[in-house]
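**Q** Below: sequence and its predicted model.
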Amino acid sequence: MKTMLYLAGGGDATQSKEIDADFAKCIDGKKLMYIPVALHRDALGFEACYDWITALFQNFEYAIDIPEIHMYLDPKAIAGRMCEYDALYIGGGNTFKLLDFLYKNNLFEKIKAFYESGKPVYGGSAGAIIFGKDIRTVEEENDANYTYTAGFNFLRGRSCICHYKPVLDANVMDFVHRFGQEVIAIPEDAGIKMENGEITKIFGQPYMFHQHGKTKILTEN
């Protein structure tokens with residue numbers, strides 16, 4: 001069964017348009033579960049999230065069948081209904097809050113099984129970082145003494161950072177040396193598509209950090 005994972009750098013609708021369009025083609029007219037729980041929002045704020053994602057899929061020059069999008073915040077509903085959906089979109093926010101939510105509500109294994117079943121999964125910003133090996137690439141986000149740091153490890157032993165800018169190079173290299181892991185760094189206007197754990201398509205210019213420095217990702221490393 002072929003797995004499919006989209007990692008987006010966390011930019012706005014214009015910056016992420018290319019990767020969003022590819023994902024939209026992949027799920028043309030299907031049912032999409034949207035999980036924005038990484039954000040700190042009230043009910044009205046989450047309504048705005050739903051408005052945002054539904055508008056996102058009407059932002060392309062070509063015609064697609066708009067997917068049937070349902071937003072979920074309640075962990076029991078997420079667990080009980082996930083199997084009914086054809087694709088999963090996990091939004092950004094606080095990476096540590098998101099991972100804590102998934103572990104404590106027994107959703108980690110549910111999402112892993114969903115991904116391994118071959119259904120497309122999209123992660124934006126925090127939603128992308130959790131699919132790496134370790135989320136401490138953004139340890140500054142741990143504002144509530146969260147304890148979970150082990151991500152899904154869908155990136156072949158690598159970790160991930162989003163909203164990447166060159167000013168972060170020293171911090172990313174420090175992580176590489178401390179934890180002995182390569183890091184995929186994705187700017188806000190970039191993204192990666194992975195199939196069966198391999199990078200098959202890039203959007204914009206993501207980078208790979210390793211023991212010897214930083215290189216552009218052009219093909220699978």
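**A** Everything's here; your move.
**Q** for the protein, where's the lowest mean pLDDT among helices and strands?
**A** helix 43-56 (a mean of 79; mean pLDDT, DSSP states H and E).
**Q** neighbouring strands for the next helix-or-strand element following it, and are they parallel or not?
**A** Downstream of helix 43-56, the first helix or strand assigned by DSSP states H and E is strand 68-71. Sheet pairing of strand 68-71 (DSSP bridges) gives strand 31-35 (parallel).
**Q** what mean pLDDT does the partner strand have?
**A** On average, the pLDDT along strand 31-35 is 94.
**Q** Buried residues in it, which are they?
**A** Leu32, Met33, Tyr34, Ile35 (16 or more other CB atoms under 10 Å). All C-beta spots, glycine's among them, are computed from the backbone N, C-alpha and C.
**Q** Quick one: those as CSV, columns for distance to Glu198 too.
**A** Putting the buried residues of strand 31-35 into CSV (distance: CB to CB, whole Å) gives the following:
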residue, distance to Glu198
Leu32, 24
Met33, 25
Tyr34, 26
Ile35, 25
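**Q** For Asp12, state which of the residues you listed is nearest.
**A** Asp12 lies nearest to Tyr34 out of the buried residues of strand 31-35, by CB to CB, at 17.0 Å.
**Q** is it true that that closest one touches Ile53?
**A** Yes: if you go by CB atoms under 8 Å, Tyr34 and Ile53 touch, sitting 5.4 Å apart.
**Q** Name the residues contacting each of these two.
**A** Both Tyr34 and Ile53 are in contact with Ile69, Met71, Tyr89, Gly91, where contact means CB atoms under 8 Å, 6 or more residues apart in numbering.
**Q** Can you show me the strands along the chain?
**A** In the chain, the strands defined using DSSP state E lie at 4-8, 31-35, 68-71, 87-90, 121-124, 159-162, 183-186, 191-195, 198-203, 207-210, 213-216.
**Q** can these go into JSON lines with extra columns for distance to Phe96?
**A** Shown next, in JSON lines, are the strands of the chain (distance: least, CB to CB, whole Å):
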{"stretch": "strand 4-8", "distance to Phe96": "18"}
{"stretch": "strand 31-35", "distance to Phe96": "16"}
{"stretch": "strand 68-71", "distance to Phe96": "22"}
{"stretch": "strand 87-90", "distance to Phe96": "14"}
{"stretch": "strand 121-124", "distance to Phe96": "15"}
{"stretch": "strand 159-162", "distance to Phe96": "14"}
{"stretch": "strand 183-186", "distance to Phe96": "17"}
{"stretch": "strand 191-195", "distance to Phe96": "22"}
{"stretch": "strand 198-203", "distance to Phe96": "26"}
{"stretch": "strand 207-210", "distance to Phe96": "21"}
{"stretch": "strand 213-216", "distance to Phe96": "25"}
